[in-house]
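Asker: Pasting the sequence and the predicted model now:
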Amino acid sequence: MKKGLILFTIITALINFIFLYERDFGGGGFGPAAMFVGFFLATLFLFILITLILYETRFRDTMTKIWLAIISILVTFVIVETAVSLLLVTPLSPPLVTDEFRHHKLVPNTKSYFEQRDFSYVQRVNNIGLRGKDIKIKKPEGTYRILMLGDSFTMGKGVEDHQTFSILVEELLNHKQKISGKDAIEVLNGGVDSYSPILSYIQLTRDLKPLEPDMVILNLDVSDLLQETVYRRQAVFGPDGAIMRVPGSRDTSTFTDKIRGWTERNLYLTRLILFYTNKLFDYKDFSVRRMVTQANFEVAKHTLAQDNEDRVEQWQNIFDSIQKINNYSKFCFFI
C-alpha cells in the first residue's frame, strides 16, 4: 500500500509538472478553466502526499475513510458523466480531417447519419470531397459550372443532400435554361463546416482549381468575422507577407490541449463545468477551438448596436480574403 502511495505521488507530481509547463511555456495560457484544473491537480497531489506522510500514524484510518468517500464521489460522477454524455453528446458535423493548408476538410467518399431532436438527415461527401453526388472533375461540354464556397450554411447542415441551396439554385436555373434552350448549369457545393473566407480561398486555389468554375459564389455569415481572425492568427506567412497556409494541427499542439479537445467533444458535464468557469470570470478565449468548434456569443457580438470594439483590422482581414478570391476567379459574387 505504501509503495502504491509513493507511486501515485510521483505520477501526480509529473502530471502537475507537465500541465504547468505546457500552460506556461507551451503557450496554452492560464484562463479560469485552466486555473481550475491546475488547482484540482495541485490539491490532488497535496492530498496524496499528506496521506503518504500520515500513513503510519494514528490518522491512517481517518485518511482511509476520506479516500473511500472521495473515490465514491468520483466513481459516481464518472457513471453519471458517461450516461449523460451518451445521451446528450451526439455528432453535429460530418467527419473532418486536419489539413496542412486549409486547417480541415471533409473526408471524400463518406456518408454520415445525423439524428437530432429537430432534424434527421444523411450527408454524403463525394469523390473530390464536396457535399453531394460524385462529379467529373473535367467540366462537361455545354455546361456552365458555378462553385459555391462557404461554411456549414453553404454545406447544408441540417438538411438532406437534395435540399442544400446549391441544389435548389441548380434546379431553378436549369428550369429557366431549359425553357430558353441555353446550356445546362451545374452548381457545386464547396461549403465546409466552420470555414471562413481565407480557408475558402486556399481551398479554391489549391484543391478546386481543376474544376475550372465559370462563376464562384462566396457566402458570408456573421460568424466569419471572428473566425477569420482566429484562423489568421495561426496562419503561416511567406517571405512576401502573404498567407501560405493555415495548418490544422497547431491549435492542439500540446498534450493538455488534446485532452481539452477530447473532453469538449465527448464529455457533457465536464465541458459545462469548464465553460461556466470561464464565463463566471468573463474570460474570452480567442482560439480556433473556442471560436470555431463551440457555441460562442462573441462571434455575433459585432452585429449588436452596443458593440464598441475596434474591428477595423478584422474587417480588413475579411475584405483581403474576399479580394484574393475575386482576383483569382473569372467571375465572383459575394453573398
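Answerer: Okay, I see it. Numbering: from 1, shown residues only.

Asker: what's the helix or strand for residue 14?
Answerer: helix 2-24 (DSSP states H and E).

Asker: so who does residue 63 touch?
Answerer: By C-beta atoms under 8 Å, 6 or more residues apart in numbering, the residues touching residue 63 are 50, 51, 54, 55. To be clear about C-beta, it is placed using only N, CA and C from the backbone, and glycine gets the same treatment.

Asker: Show only the entries of these found in helices.
Answerer: 50, 51 (DSSP state H).

Asker: from the contacts of residue 63, which is closest to residue 164?
Answerer: Nearest to residue 164 among these is residue 51, at 58.8 Å by C-beta to C-beta.

Asker: Quick check: nearest residue in space to that closest one, chain neighbours excluded?
Answerer: residue 63 (5.0 Å; C-beta to C-beta, 6 or more residues apart in numbering).

Asker: Any chance of the backbone angles for the one you found?
Answerer: Torsion angles at residue 63 (phi, psi; degrees, to the nearest 10) stand at phi -70, psi -40.

Asker: can you check residue 112 too?
Answerer: phi -120, psi 140.

Asker: Look up how far residue 158 lies from it.
Answerer: 12 Å (C-beta to C-beta, to the nearest Å).

Asker: Which element, helix or strand, includes residue 226?
Answerer: helix 224-233.

Asker: Enumerate the positions of that helix that are buried.
Answerer: 224, 225, 226, 227, 228, 229, 230, 231, 232 (16 or more other C-beta atoms under 10 Å).

Asker: Let's have those in a markdown table, adding pLDDT and distance to residue 176.
Answerer: Output for the buried residues of helix 224-233, formatted as a markdown table (pLDDT from 0 to 100; distance: C-beta to C-beta, whole Å):
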| residue | pLDDT | distance to residue 176 |
| --- | --- | --- |
| 224 | 92 | 30 |
| 225 | 91 | 34 |
| 226 | 90 | 38 |
| 227 | 91 | 35 |
| 228 | 94 | 34 |
| 229 | 91 | 39 |
| 230 | 90 | 40 |
| 231 | 93 | 37 |
| 232 | 93 | 39 |
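
Asker: now those in TSV, with distance to residue 322?
Answerer: Shown next, in TSV, are the buried residues of helix 224-233 (distance: C-beta to C-beta, whole Å):
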residue	distance to residue 322
224	10
225	12
226	16
227	14
228	10
229	14
230	18
231	14
232	14
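
Asker: in the host helix or strand of residue 78, what's buried?
Answerer: If you go by DSSP H and E, residue 78 is part of helix 60-88. Using 16+ other C-beta under 10 Å as the burial criterion, the residues of helix 60-88 that qualify are 63, 81, 85.

Asker: just for the stretch 101-250 of the chain, where's the confidence low?
Answerer: 179-181, 249-250 (pLDDT under 70).

Asker: all strands of it, in order?
Answerer: Taking DSSP state E, counting those that start in this stretch, the strands of the stretch 101-250 of the chain run over residues 103-106, 110-115, 120-125, 143-149, 184-189, 215-218, 236-237, 243-245.
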